[in-house]
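Novice: Structure for this input, please:
(2 chains)
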Amino acid sequence: MSWLTDPFAQAFTQRALVEVLVLALACGPLGVWILLYRQSYAAESISHGMLPGLVVAALAGAPLVLGAAGGVIVAAVLIALAGRDERLGGDTGVAVAVSALFGLGAVLALSPEVPPRLQELLFGDLLGATAGDIAAAAVLAAVVLASLALAHRRLSISGFDPGAARSLGATPRRWELALLVLLAIATVAAAPGLGSLLLVALILAPGAAGLRLAARLPAALALATGVAALSGVAGLVLSYHLGIAAGASVALCAAAAAGIALAR
Amino acid sequence: MSLVRTEGLSGGYTAGRDALHDIGFALEPGDIAGVLGPNGGGKTTLFRALLGELPHARGTVEVAGRPAYVPQTEHARLDFPVSAFDVALMGAYGRTPFYRRIARADRDAAAEALERVGLADRSRDVFGTLSGGQRQRVLIARALVQRADVLLLDEPLSGVDAPSAARIESLLAELAGEGRALLVATHDVSQAQRFDRVLCLHTRQLAFGPPAEVLTPACLQQTYGAELVVLEGGRAAVNVGHHAH
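Specialist: Just a heads-up that it's a prediction; the model follows:
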């Protein structure tokens, strides 16, 4: 038992636990919808493409959440523009835009004058979560969770049957866009804790596990939330005992859960 | 009074590129009309116009009642985690405000609709695990939960085995008999012969009327052009090939 409780004996690990549980509440159910709408590439693109925003915030000494928000907006606009370029074709344009943004982030972060904690921006700093970080994540996660709950029926008709959706009361394009906005909000919420590279694991992996194990939507959403929360706790416990990075450990646990669910 | 009436209806998805020209027909309560036409002939565009969803439509479209669209079952997502009951219940979503729970009466209506289409015992089954014919009946049940007066069915019998097809056809006749009007997009000329009306469509309206008058070799030739295969003895068949959706 102490093997489970020891990691959370100190205040900073307790904060990390609260942070990861708050994120799991939003990322778990969001992931199910992202997968159902086949938007996992968008999730990956937005989270990687926001790196310049994080770096600029770190250089300026501003809160990372603000940098993440700015980075996500710039990335979303560039990805949308690049994805529309018919000369490149959707995926190619997005890939080029995301690589360019990521490169720009790295160039800014590796400039000699400033040491802006590049590692923390890429992989997050779960154990460094402050009360302010948790409050910001909680507000954003609450927005995502409440929106998903209120939009549940509209999202399901738009995703299930786009051809009939309008006569059933939902405009598919509008709800697809709404889902991407929620994805952006969750990405901003998770960026300080899990970083640009790892946060997507907490969105997609639990969603994949939930969809694999459940036959109906409410069960899939609940399972994905549970898997996300469990991955968070397990990741922190393992990181404490094995002395490995917390964010990476959480991401690996989520990926392992998805792997086990898919292998079933 | 007609349940569906169009006059001089033209339009399409983009301005200046009409997929439909000068459509004019009327359906009374109880009518089942087959809509015949090649792929890309405007059948789905006509349905969009009747649903009020065609971005650029001119002319008259009057639907005196609630229309519901019943898609081809392959166009609904088969990997979506929903049961037959969940899908039928979607028919009530449009009238339920987003902050309200689905009314008890609507849940009962969904159960009744599934019973009506003969799927009461499959209501908990995952939609994607049902057969093509069963899925089609679930989607018809959804239209019943929508309380639709006009059903627009997009090739309801394509990819459906013969016993299921017969069952769906008698269900359609039953629904029409209760005062609804049905438009059934189809490639099956012999099926269209059993309907009350037939509309032949090849971006423009080639004919509308009772099948005995409309389904002449000449009209079918005009409707389908090269896709038409005339069998020995004057029977016509349509060579649809693979749908390019």
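
Novice: Quick check: pLDDT value at the closest residue to chain B within the stretch 1-150 of chain A.
Specialist: The stretch 1-150 of chain A approaches chain B most closely through A:Leu150 (5.4 Å), counting by CB to the nearest CB. Any C-beta I mention is one placed from the backbone N, CA and C, and that applies to glycine too. You'll see A:Leu150 listed with a pLDDT of 95.

Novice: Now do the same contact list for it.
Specialist: B:Phe98, B:Tyr99 (CB atoms under 8 Å, 6 or more residues apart in numbering or on different chains).

Novice: what's the answer for the one 3 residues further on, then?
Specialist: Shown here is A:Arg153, whose contacts under the criterion CB under 8 Å, 6+ apart are A:Ala170, B:Met90, B:Tyr93, B:Thr96, B:Phe98.

Novice: Could I have the buried ones of those residues as PyMOL selection syntax?
Specialist: Here the buried members of the contacts of A:Arg153 are turned into a PyMOL selection, burial being counted by 16 or more other CB atoms under 10 Å in any protein chain shown:
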select buried, (chain A and resi 170) or (chain B and resi 90+93)
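
Novice: Just the closest of the contacts of A:Arg153 to A:Val94, please.
Specialist: Checking the contacts of A:Arg153 against A:Val94 by CB to CB gives A:Ala170 as the nearest, at 25.9 Å.

Novice: Give me the distance between that closest one and chain B.
Specialist: Separation of A:Ala170 from chain B (CB to the nearest CB, to the nearest Å): 7 Å.

Novice: what's near enough to touch that residue?
Specialist: With CB under 8 Å, 6+ apart, A:Ala170 has these contacts: A:Arg153, A:Arg154, A:Leu155, A:Ile157, A:Ser158, B:Tyr93.

Novice: From chain B, how far out is the second one?
Specialist: Here A:Arg154 is placed at a distance of 7 Å from chain B (CB to the nearest CB).

Novice: so how far is whatever helix or strand that residue lives in off the chain centroid?
Specialist: Secondary structure from DSSP states H and E places A:Arg154 in helix A:152-160. Chain-centre distance of helix A:152-160: 21 Å, with CA atoms, centre = their mean, to the nearest Å.

Novice: Following it in sequence, what is the next regular element?
Specialist: Assignment by DSSP H and E places the next element after helix A:152-160 at helix A:162-168.

Novice: What angle do helix A:152-160 and the next helix or strand after that next one make with each other?
Specialist: The helix or strand immediately downstream of helix A:162-168 is helix A:172-213, counting by DSSP H and E. Between the axes of helix A:172-213 and helix A:152-160, defined by axes from the mean of the first three to the mean of the last three CA atoms, to 10 degrees, the angle is 90 degrees.

Novice: and the closest residue to chain A within chain B, how many residues sit next to it?
Specialist: Closest residue of chain B to chain A, CB to the nearest CB: B:Gly94 (3.0 Å). For B:Gly94, the count of nearby residues is 19 (other CB atoms under 10 Å in any protein chain shown).

Novice: Quick check: phi and psi at it.
Specialist: phi -60, psi -30 (degrees, to the nearest 10).

Novice: do the one 5 residues further on as well
Specialist: Comment: the main-chain dihedrals of B:Tyr99 come out as phi -90, psi 0, following degrees, to the nearest 10.

Novice: Excluding chain neighbours, what is closest to it?
Specialist: Once flanking residues are discounted, B:Tyr99 sits nearest to A:Leu150: 6.6 Å by CB to CB, 6 or more residues apart in numbering or on different chains.

Novice: what's the answer for A:Gly210, then?
Specialist: Per CB to CB, 6+ apart, closest to A:Gly210 is A:Ala224, 3.1 Å.

Novice: Let me know the helix or strand that the one you found is in.
Specialist: Assigned by DSSP H and E, A:Ala224 falls in helix A:217-242.

Novice: packing partners for that helix?
Specialist: Secondary-structure packing of helix A:217-242 (3 or more CB pairs under 8 Å, 6 or more residues apart in numbering or on different chains; DSSP states H and E): helix A:2-5, helix A:11-36, helix A:172-213, helix A:246-263.

Novice: Now do the strands in chain B.
Specialist: B:4-12, B:20-27, B:32-36, B:56-63, B:67-70, B:150-154, B:181-186, B:197-202, B:204-209, B:228-230, B:236-238 (DSSP state E).

Novice: Show me what the fifth one is packed against.
Specialist: In terms of contacts (3+ CB pairs under 8 Å, 6+ apart), strand B:67-70 is packed against helix A:162-168, helix B:43-51, helix B:132-145, strand B:150-154.

Novice: next one: the third one
Specialist: If contacts are counted by 3+ CB pairs under 8 Å, 6+ apart, strand B:32-36 sits against helix B:162-177, strand B:181-186, helix B:189-192, strand B:197-202.

Novice: give the contact list for the residue nearest to A:Arg15 when sequence neighbours are not counted.
Specialist: Excluding the flanking residues, the one nearest A:Arg15 by CB to CB, 6+ apart is A:Ala129, at 4.8 Å. A:Ala129 is in contact with A:Phe12, A:Arg15, A:Ala16, A:Val18, A:Glu19, A:Pro192, A:Gly193, counting by CB under 8 Å, 6+ apart.

Novice: Check the residue of the stretch 101-250 of chain A found nearest chain B and give its pLDDT.
Specialist: Here the stretch 101-250 of chain A gets closest to chain B at one residue, A:Gly169, 3.0 Å apart by CB to the nearest CB. As predicted, A:Gly169 sits at a pLDDT of 91.

Novice: Number of residues surrounding it?
Specialist: 19.

Novice: Run through chain B and note the low-pLDDT ranges.
Specialist: B:226-245 (pLDDT under 70).

Novice: can you list the residues of it near chain A?
Specialist: B:51, B:53, B:67-71, B:75-77, B:80-83, B:86-87, B:90-91, B:93-96, B:98-99, B:126, B:139, B:142, B:146, B:154 (CB under 8 Å from any CB of the partner chain).

Novice: What subset of these is buried?
Specialist: B:51, B:67-71, B:76-77, B:80-83, B:86-87, B:90-91, B:93-94, B:126, B:139, B:142, B:146, B:154.

Novice: Can you pull up the most central residue in chain B?
Specialist: The C-alpha lying nearest the average C-alpha coordinate of chain B belongs to B:Leu153 (CA atoms, centre = their mean; 1.1 Å).

Novice: what is that residue paired to in the beta sheet?
Specialist: B:Val70, B:Val184 (DSSP bridges).

Novice: from what I can see it touches B:Leu183, true?
Specialist: Yes: taking contacts as CB atoms under 8 Å, B:Leu153 lies within contact range of B:Leu183: 6.9 Å.

Novice: interface residues of chain A facing chain B?
Specialist: Counting by CB under 8 Å from any CB, the residues of chain A that sit close to chain B are A:36, A:150-151, A:153-154, A:156-157, A:159-161, A:163-164, A:166-170, A:211, A:214-217, A:219-220.

Novice: Can you go through those residues and name the buried ones?
Specialist: A:36, A:151, A:153-154, A:156-157, A:159-161, A:163-164, A:166-170, A:211, A:214, A:217, A:220.

Novice: quick one: A:Arg264 and A:Arg212, what's the gap?
Specialist: Counting by CB to CB, to the nearest Å, the separation of A:Arg264 from A:Arg212 is 7 Å.

Novice: Tell me who's in contact with residue 118.
Specialist: All of this refers to chain A. A:Val55, A:Ala106, A:Ala109, A:Leu110.

Novice: nope, chain B
Specialist: B:Arg137, B:Arg167, B:Leu171 are the contacts of B:Gly118 under CB under 8 Å, 6+ apart.

Novice: so the last one touches B:Val117, yeah?
Specialist: Yes: using CB under 8 Å, B:Leu171 is in contact with B:Val117, at 6.2 Å.

Novice: Which pLDDT value goes with the residue nearest to A:Gly210?
Specialist: 97.

Novice: Quick one: residues contacting it.
Specialist: Neighbours of A:Ala224 in contact, by CB under 8 Å, 6+ apart: A:Gly28, A:Pro29, A:Gly31, A:Val32, A:Pro206, A:Gly207, A:Ala209, A:Gly210, A:Leu211.
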